[in-house]
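In: could you look at this predicted model? Sequence included:
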Amino acid sequence: MRAEQNYNGCFTRLILQLRFYILTLSLILFCQPHILSQDDDVALSLRKAEGEFQNGNWAEAFKIYQRLAANHPDSVPAQVGMASSLVKLKDYPPAIIAFHRALEISPHLSRVQGALADTYDKNRQPDEAIKWYQKAIKSFYGKAPLPWYVSLGIIEAKQGDLEQARSYYTVAAQLYPKSVPVYQNLGTVLLRQNRLDEADACFYTALELNPQFDPAFFGRGEVAKKTGNLIEAQRLYEAAIRLNSGDSAYRYVYAQVLLQSGKIKEGKQELQKARRLKSEYHLQHAHRLAQQKDWQETLRYLKLSVDADPTLVEAVQDLAYLQTQLDDLTAAESTLSLGLLNKPNWAPGYWQRGKIKKRISDFIGAESDFRKAIKLSPDAAPPKISLAKLLVETGKNLDQALELAQTAIEIDPKPEFQEVMKMIRKQTKSEK
Amino acid sequence: MKSTVFLALLVLFSQRFSQAEFANHIQFTNVTQRAGIDFQHQDGRREQKYFIETIGSGCAFIDYNNDGNLDIYLVNAAFVSKNGEEEASKNKLYRNIGGGEFIDVTTSAGVGHPGYGTGVSAGDYDNNGFIDLYITNFGTNILYQNNGDGTFTNVTKIAQVGESRWSAGSTFGDYDNDGDLDLYVTNYCDFKVENHRPCIHKGINGNNIHVYCPPEQFTGVSDTLYRNNGNGTFTDVTREAGLYNPIGRGMSPIWSDYDNDKDLDLFVANDATENFLYQNNNDGTFSNVAWIAGVATDMNGDLQGSMGLDLADYDNDGDFDLIMTNFQRQVNTFYRNEGNGFFNDISFSIGLGYTLPYVGWGTGLVDLNNDGFRDLFVANGHIQDIIAQYDTGSSYKQPNHLLINDGQGSFVRTNYMSEDLKVSRGVAFGDYDNDGDIDILISNAHDQPTLLRNDSKTDNHWLIIKTTGSQPTSGSNRDGIGAKVKIILKNRELISEVRSSSSYMSQNDLRAHFGLGKDLDQVDILEVSWPSGKIDRLKNVELDTIIHIKEGVGQVAE
């Protein structure tokens, strides 16, 4: 239910916004000479903070700006710097407060109004974002920055108001006739409004400006598909994929066209590629979240990864591992079962599921899984050791346990396996 | 020149007026109180915010006593606490006594199950001529056998259909064409109270907010297919039918012969995972062709949070198209059936882009103004009661949506129901007052239901067909579930299919309703293709009436 909607142009928006923040700070610093005429320490601090900000040390930049703001509460650069750093740290509510404080001091700073709008958008307050973008555009002297129009269009599109989105993109196209993202976004909205000729014209223009712009090839492909020209659609999707082979959406739509054209085998192959790409995308995101120790979100994205392609063994393993670590053994067992449903010869999967079954005292199930793992991978030592330990712990066939441990050590004579052997021998002796 | 301009303006004005005209003729009246429906849905919400509290319940239009009037069944969820005492919240059955009024007959009928109810489906599984009820629960599901005397008996154990996992939707259908109704049950996820963990979200003011967890926190579980043994019992044939699929978080299922090969296929709307389309292989097994057919995901291959669904021929091209309702930031997906086994996602181009901020549940493609084109109704409502604290672009209570089919392949949004804000879930459609237009019953979470009487004023004609299969002697199941009804007019053909549950965990009127538009005196040909393979054909059928067709016999008196 929560998959993020993929809007063309978002990636371009991010790059434009980073430049925007740096420009905002610079303009405030260098267009307000009265600030520079202050205390040298203040100017030095501002420069240091800006340096930290540009180097991506946002926490450090924030601390410097915060100190400045504490000593000079009417300093607009300090407030804006604080706010911008907080935005980078994804702490939006205090950033909003700081931007408002800056605007209380200097109400007509349109770039700050724009930054505030962007922060409201990030903080999921779209109505406020729209309001402040509109204020920023009105109060800007000259041509308002392109990202503001693009952002307005994206917000309106997300709210389902395609007509309003279209009007913002149309204005942007008139003001910035060489902007590829604008034509792309406008084309996408027109496509959704079923204005196919206009959409195609926009995508065509984007390609004239940048012949390597894969989203525009994709857009033209969508137009061709909607008009029933599957051959042309196929050609255009192929062009998009050649330029960007990692986009799962391209592969998915291309697969649909192949299937509907009767190319079933190729269509199925592309479908599998699309699912695998999507799954890997979610898996990478999950790994990034794991580095931040956000386990709830990591779990969510691992599940998305497995849902997208349950044959991606790495995703199944990672999900089962995390579920085990979070003590949800039932879920871990289900995950591994799903993996085994799709990959019946996956020996490590049986071994891992066996270990979980043992932990939840399903000893019969555990033994069965260990045996399957051994059968599928006779040269692997760990399942043999696991089965040997289980046989000993359940008081079953000690001779077989000994034999398994012996074989495992012959394969891999690591100390922990030797310890298991000792334990089995001891048990055997005491039984006798 | 002036006359040209004048004519142009006239054409423009008349086009705009026509659009407004058909919109203005649509009229619904909230008659819940007047009808005597005093039901209050409870979901047992606690400060812990258990996930179970989010999905709401379904509702049903059924004629349980065969008096020709649609009765109402409302599913309830949880326990309430009154004056410190625990009291079970029961499902309720309201008998239609005519004149737009209903009376509560729950106790005398014996169908007031006090469990945590989710959905309801109906079907005459024992072919005794009286409709039975299957209630899905968070807990053991219940099969109520209709005794034919106004009472029901809980035969769950005898019938062996007591699925005990968290079930959501269910639907009866004769997938093996042996004359009795089989049962498919969707199971949602592995949530249990004991494995509940709190979920936290950052608010717009930076504070931590306790929210309901998303479904991705929980693992899906496989659905269940029960094959009817013909002797009052069922057998779980999920695995042997090829339907064991633990990846699904099943919400709403629907049986339909989408590929016109004379056997019932199965669509399943899944939450936060791929949807299923199980194509019947006609040998007792199914194959999941959702990815290939193009209905597993949206147009970009992204998984959706699908809740409700319906199948109907929205463009009158002879095949059933599919609507699925989805979560916020996902458009309600409309898949047009291309007639070759494939579907295309045309959601945006037919006008559904505006649904992005809403959370859709029950839905129906029904002809609400009888103009011969199926309109679209969607019930909306968020799951997070405090959504405004961290996303001001949405709201907990949301307007339901009524979109009119313009007959040109698109839907036009109307402002109806935009003021009645509730947290809606299940929706059932049916003509409870037998005046030829479709009324709407909505189950609202933690609130009273809404009964909307259709009071639209049009000159359009209509026809309602009740089907009865010739079982238990031979032929199709008694309800005629799975029968395809086709109306052939001079310039077009309209099709419908008799179905058990659809929408969201809810049951519609089993009778097939057709809006026929104006300018016709009769239906040239009416054809019923039964699941048994038999076909009954009637000619020169009278308009604006309810007719009863019995398999192998034709039209019979009520």
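Out: Structure received.
In: run a quick neighbour tally on the residue in the stretch 251-400 of chain A that chain B sits nearest to.
Out: Here the stretch 251-400 of chain A gets closest to chain B at one residue, A:Y252, 3.1 Å apart by C-beta to the nearest C-beta. Backbone N, C-alpha and C define where each C-beta goes, glycine included. Around A:Y252 there are 26 other residues, counting by other C-beta atoms under 10 Å in any protein chain shown.
In: secondary structure class for it?
Out: State at A:Y252, reduced to three classes by DSSP: H, G, I helix; E, B strand; the rest coil: helix.
In: which residues touch it?
Out: Contacts for A:Y252 (C-beta atoms under 8 Å, 6 or more residues apart in numbering or on different chains) come out as A:270-271, A:274, A:278, B:297, B:300-301.
In: can I get those in JSON lines with neighbour count?
Out: Rendered in JSON lines, the data for the contacts of A:Y252 read as follows (neighbours: other C-beta atoms under 10 Å in any protein chain shown):
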{"residue": "A:E270", "neighbour count": "23"}
{"residue": "A:L271", "neighbour count": "22"}
{"residue": "A:A274", "neighbour count": "26"}
{"residue": "A:K278", "neighbour count": "27"}
{"residue": "B:T297", "neighbour count": "25"}
{"residue": "B:N300", "neighbour count": "17"}
{"residue": "B:G301", "neighbour count": "27"}
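In: nearest to A:Y120, of the residues you listed?
Out: B:N300 (27.1 Å; C-beta to C-beta).
In: for chain A, see how far away B:A379 is.
Out: Noted for B:A379: a distance of 16 Å to chain A, by C-beta to the nearest C-beta, to the nearest Å.
In: give me the nearest residue to that residue, chain neighbours excluded.
Out: Closest residue in space to B:A379, ignoring its immediate chain neighbours: B:S424 at 3.6 Å, by C-beta to C-beta, 6 or more residues apart in numbering or on different chains.
In: count the neighbours of A:P344 for me.
Out: A:P344 has 11 nearby residues by other C-beta under 10 Å.
In: confirm that it sits in a helix.
Out: No - going by three-state DSSP, the assignment for A:P344 is coil, not a helix.
In: tell me how many other residues surround residue 190.
Out: Assuming you mean chain A. A:L190 has 24 nearby residues by other C-beta under 10 Å.
In: wrong chain, I was asking about chain B
Out: Counted with other C-beta under 10 Å, B:D190 comes out at 18.
In: my read: the residue nearest to B:A379 touches B:Q448, true?
Out: No - in this structure B:S424 lies outside contact range of B:Q448 using C-beta atoms under 8 Å: 11.5 Å.
In: please say which of those two ends up with more neighbours.
Out: B:S424 (29 against 17).
In: phi, psi of the more buried one?
Out: With angles defined as degrees, to the nearest 10, B:S424 sits at phi -80, psi 150.
In: kindly report the same for the one 5 residues further on.
Out: Here the main-chain torsion angles of B:F429 (degrees, to the nearest 10) amount to phi -120, psi 140.
In: next one: B:K90
Out: Dihedral angles for B:K90 - degrees, to the nearest 10 - are phi -110, psi 150.
In: skipping adjacent residues, who's closest to it in space?
Out: B:G112 (3.7 Å).
In: now swap in A:E333 and tell me
Out: Closest to A:E333 by C-beta to C-beta, 6+ apart is A:I356, at 4.9 Å.
In: that's a strand at the one you found, yeah?
Out: No - the assignment for A:I356, made by three-state DSSP, is helix rather than a strand.
In: hang on, the earlier thing: give the contact list for the residue nearest to B:A379.
Out: Per C-beta under 8 Å, 6+ apart, neighbours of B:S424: B:56, B:361-362, B:379-381, B:398, B:400, B:442-445, B:450.
In: thanks again, I'm all set now.
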